[in-house]
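Participant: Structure for the following, please:
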Amino acid sequence: MSDDIIIEIKNLSKAFKKEGGQDVLVLDDLNLSLKSNEIVALLGKSGSGKSTLLRLIAGLLQPTSGQVFYRSAPVLKPVEGVSMVFQSFALLPWLTVLENVELGLEAQGIAREEKRKRAIQAIDIIGLDGFESALPKELSGGMRQRVGFARALVVNPDVLLMDEPFSALDVLTAENLKSDLLALWQDEKTNTNVILLVTHNIDEAVMLADRIIIMGSNPGLIQADIPVSLPHPRHPESREWRELVEHIYSLMIQSTNHKARHALKERQIGLGYRLPDVEPSELSGLIETISSFENQVDLPELADELMMDVDALFPIIETLEILGFAEIVGGRIRLKKLGEAFFSANLQDRKQIFAQRLLESVPIARYIRRILDEKPGHRVSEERFLSKLEDYLSEQGAERVLRTMIDWGRYAEIFAYDVKTGILSLENPGMAESAES
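Facilitator: Numbers count the residues shown, from 1 in each chain. Model prediction:
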């Protein structure tokens, strides 16, 4: 294997401008090299900047500081040699398969005959020969994504960037497409020297990658760089596979913003904390599942039991930690006394426990309740709370956090909300007399 560095990232940071507020830092001081003949997987929870990093490498975005280099030349715009496959199929519905693939060559000014020849060859490589004249609406999801691969491969990319390319597919189709992609790579049927894959699926990363990069979040940074030495074909039932998956789970839990995790342990999250987008029913369901394992379970075993991927599972775990219902110890999640009490309680008592923990542990819940208590008439527009959150978060982030907080507050009955007027009030909350101001 060659040690030639194809992509080099030096001190890379990216912040997005927020109108009327401080910039939102998405990536912070990243350093990373991608070498010839390797597949590298980027793992991390939503918000860790994985897709932003791909767009910076592709030249679709420019860094706030630092630099991306492609074969020693700075990336200042999209460059030949770097191609990208997106999560959505992104096909033009009025063009045939052949015409969609030819689009990848439009910007290169290639003669019509050569363009058609290369497009047909790419279609053949990804297994869609016979469908050249089909429209996207005639194809299954897996076939449409194959067209996306062909469009990326037709330009003979040196570097192939893939942004969760299998996430929109059903399990069986995704597995088939991953196997075919790996076969193309191993048989050297393309001119690609590096594949960088963004995924939230740990098993997918272990199946495909030679290295796995784990990213922390808020802001995104590299927490671990793990070489994968398992020989192909790799078997999910093997001891080596399971040990690696367990190791990655442990590292990803640790990487969930180490500063935030320290704050969780101290129960001191701030007013502008990005609350996980989790429903109360999901919290109850996870507590009940953990209880069925005698109150503690290994994270990979829990994920297998629930058939959930990292992006879906980790926010629920994070919320249980915030509320003091569970804790992570040595790669296992364990219910704390409060979690056990919640599990044993009836529905109304669960609401009371949940309400108490919100007011004790979540500053935005305390803030909303205090303002409502103090306001004559106990009615306040949601705009006031959005404005407060926008002191810390982007407009979109503030809206998401407030929506989550409203769902939690209504479930706990610490305040009411009228979606038609956007008014929060104390009209019917069960905690009206007992909540702390």
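Participant: hang on, Val147 is in a strand, isn't it?
Facilitator: No - counting by DSSP: H, G, I helix; E, B strand; the rest coil, one finds Val147 to be helix, located in no strand.
Participant: packing partners for the helix or strand harbouring Asp311?
Facilitator: Using DSSP states H and E, Asp311 sits in helix 310-322. Helix 310-322 sits against helix 239-255, helix 258-266, helix 280-292, helix 299-306, strand 326-329, with contacts defined as 3 or more CB pairs under 8 Å, 6 or more residues apart in numbering; DSSP states H and E. To be clear about C-beta, it is placed using only N, CA and C from the backbone, and glycine gets the same treatment.
Participant: can we see that at 7 Å?
Facilitator: helix 280-292, strand 326-329 (3 or more CB pairs under 7 Å, 6 or more residues apart in numbering; DSSP states H and E).
Participant: Would you mind finding the most buried of these?
Facilitator: When the helices and strands packed on helix 310-322 are scored by mean count of other CB atoms under 10 Å, the highest mean neighbour count falls to strand 326-329 (a mean of 18).
Participant: what is the mean pLDDT for that strand?
Facilitator: What strand 326-329 shows for mean pLDDT is 86.
Participant: and what of stretch 123-138?
Facilitator: The pLDDT scores in stretch 123-138 average 84.
Participant: Wait, Val85 touches Glu164, no?
Facilitator: No - the pair Val85 / Glu164 is not scored as a contact, 9.4 Å apart, by CB atoms under 7 Å.
Participant: Comparing the two, which shows the higher neighbour count?
Facilitator: Shown here are Val85 and Glu164; by other CB atoms under 10 Å, Val85 has more neighbours (25 against 21).
Participant: ok, so what distance separates that one from Asp210?
Facilitator: Distance from Val85 to Asp210, counting by CB to CB, to the nearest Å: 18 Å.
Participant: same deal with Pro231?
Facilitator: Distance of Pro231 to Asp210, computed by CB to CB: 11 Å.
Participant: Of these two, which one has the most company?
Facilitator: Set side by side, Pro231 and Asp210 show more neighbours around Asp210, with 16 against 7, by other CB under 10 Å.
Participant: Please name the residues that touch the nearest residue to that one once chain neighbours are set aside.
Facilitator: Among residues not flanking Asp210 along the chain, Glu38 sits closest, at 4.3 Å (CB to CB, 6 or more residues apart in numbering). Going by CB atoms under 7 Å, 6 or more residues apart in numbering, Glu38 touches 194, 210-211.
Participant: Tell me the bridge partners for the residue nearest to Val329 when sequence neighbours are not counted.
Facilitator: Of all residues not flanking Val329 in the chain, Gln296 sits nearest, at 7.8 Å (CB to CB, 6+ apart). Gln296 has these beta-bridge partners by DSSP bridges: Arg334.
Participant: what about Gln296, distance to Ala326?
Facilitator: 9 Å.
Participant: Now for these two: what residues contact both?
Facilitator: 290, 333-335.
Participant: And the residues you listed, which is closest to Leu275?
Facilitator: Relative to Leu275, the closest of these is Ile333; by CB to CB it sits at 19.1 Å.
Participant: what's around the closest one, how many residues?
Facilitator: Look at Ile333: counted by other CB under 10 Å, it has 26 neighbours.
Participant: ok, back up a step: the residue nearest to Val329 reaches Arg334, doesn't it?
Facilitator: Yes - with contacts counted by CB under 7 Å, Gln296 reaches Arg334, the gap being 3.9 Å.
Participant: Let me know the outermost residue of the chain.
Facilitator: Pro376 (42.3 Å; CA atoms, centre = their mean).
Participant: pretty sure that one is in a helix, no?
Facilitator: No - using three-state DSSP, the assignment for Pro376 is coil, not a helix.
Participant: pLDDT score for it?
Facilitator: 89.
Participant: Can you report phi and psi for it?
Facilitator: Taking degrees, to the nearest 10, you get phi -60, psi 130 for the backbone angles of Pro376.
Participant: go on, the one 5 residues further on?
Facilitator: Backbone torsions for Ser381, taken as degrees, to the nearest 10, come to phi -70, psi 140.
Participant: helix, strand or coil for the residue nearest the centre of the chain?
Facilitator: Nearest residue to the geometric centre of the chain (CA atoms, centre = their mean): Ser46, 2.8 Å. At Ser46 the chain is in coil, as set by three-state DSSP.
Participant: same deal with Arg410?
Facilitator: With three-state DSSP as the basis, Arg410 sits in helix.
Participant: where's it relative to Phe354, distance?
Facilitator: Using CB to CB, Arg410 is found at 11 Å from Phe354.
Participant: Looking at the two now, which is surrounded by more residues?
Facilitator: With neighbours defined as other CB under 10 Å, Arg410 and Phe354 compare such that Phe354 has more, 23 against 16.
Participant: contacting residues around the more buried one?
Facilitator: Residues near Phe354 by CB under 7 Å, 6+ apart: 280, 411-412.
Participant: Great, nothing more from me.
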